[in-house]
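Trainee: Quick one: sequence plus predicted model below, questions after.
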Amino acid sequence: MKRVCDIRQVPDLEALRVWARSHGARVRYLGPTLERHPVYAATRGHVTRVAVVPERDPHLCPLVWVSPLENLKEER
């Protein structure tokens, strides 16, 4: 059985919220980019939409950076 995932970036956090609301998904914080910008995502089935916020991430920077998209968990 093939597993397909569809990950796309939306223009901003508001667009992500609109997409999440219309698809019954929850927006969640994934972590920072290498440039310390916060990454948020919403997942519904095999479809994930991601928004990178241009402001600096207020959360503490991890000692070892891991891609925020590395451990996406499927929401049902």
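Mentor: Received the coordinates, thanks. Note that this is a predicted model, so its numbers are computed, not measured.
Trainee: Please count neighbours and contacts with C-alpha atoms only from this point.
Mentor: Fine.
Trainee: any idea where the strands of this protein begin and end?
Mentor: 6-9, 27-32, 38-44, 47-52 (DSSP state E).
Trainee: Of those, which stretch is the most buried?
Mentor: Of the strands of the chain, the one with the most neighbours on average (mean count of other Cα atoms under 10 Å) is strand 38-44, at a mean of 22.
Trainee: just the angle between it and strand 27-32, please?
Mentor: 140 degrees (axes from the mean of the first three to the mean of the last three Cα atoms, to 10 degrees).
Trainee: Could you export strand 38-44 as PDB, CA atoms only?
Mentor: Extracted in PDB, the C-alpha atoms of strand 38-44 (Å, rounded to 0.1, in the frame of the first residue of the first chain):
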ATOM      1  CA  PRO A  38       8.600  29.700  14.200                       C
ATOM      2  CA  VAL A  39       7.000  27.000  12.100                       C
ATOM      3  CA  TYR A  40       3.300  26.100  12.500                       C
ATOM      4  CA  ALA A  41       1.300  23.300  10.800                       C
ATOM      5  CA  ALA A  42      -2.100  21.900  10.400                       C
ATOM      6  CA  THR A  43      -2.700  18.300   9.300                       C
ATOM      7  CA  ARG A  44      -5.800  16.600   8.000                       C
END
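Trainee: Paired strands for that strand, with orientation please.
Mentor: Counting by DSSP bridges, the strands paired with strand 38-44 are strand 27-32 (antiparallel), strand 47-52 (antiparallel).
Trainee: avg pLDDT for the first one?
Mentor: Per-region confidence: strand 27-32 scores 93 on mean pLDDT.
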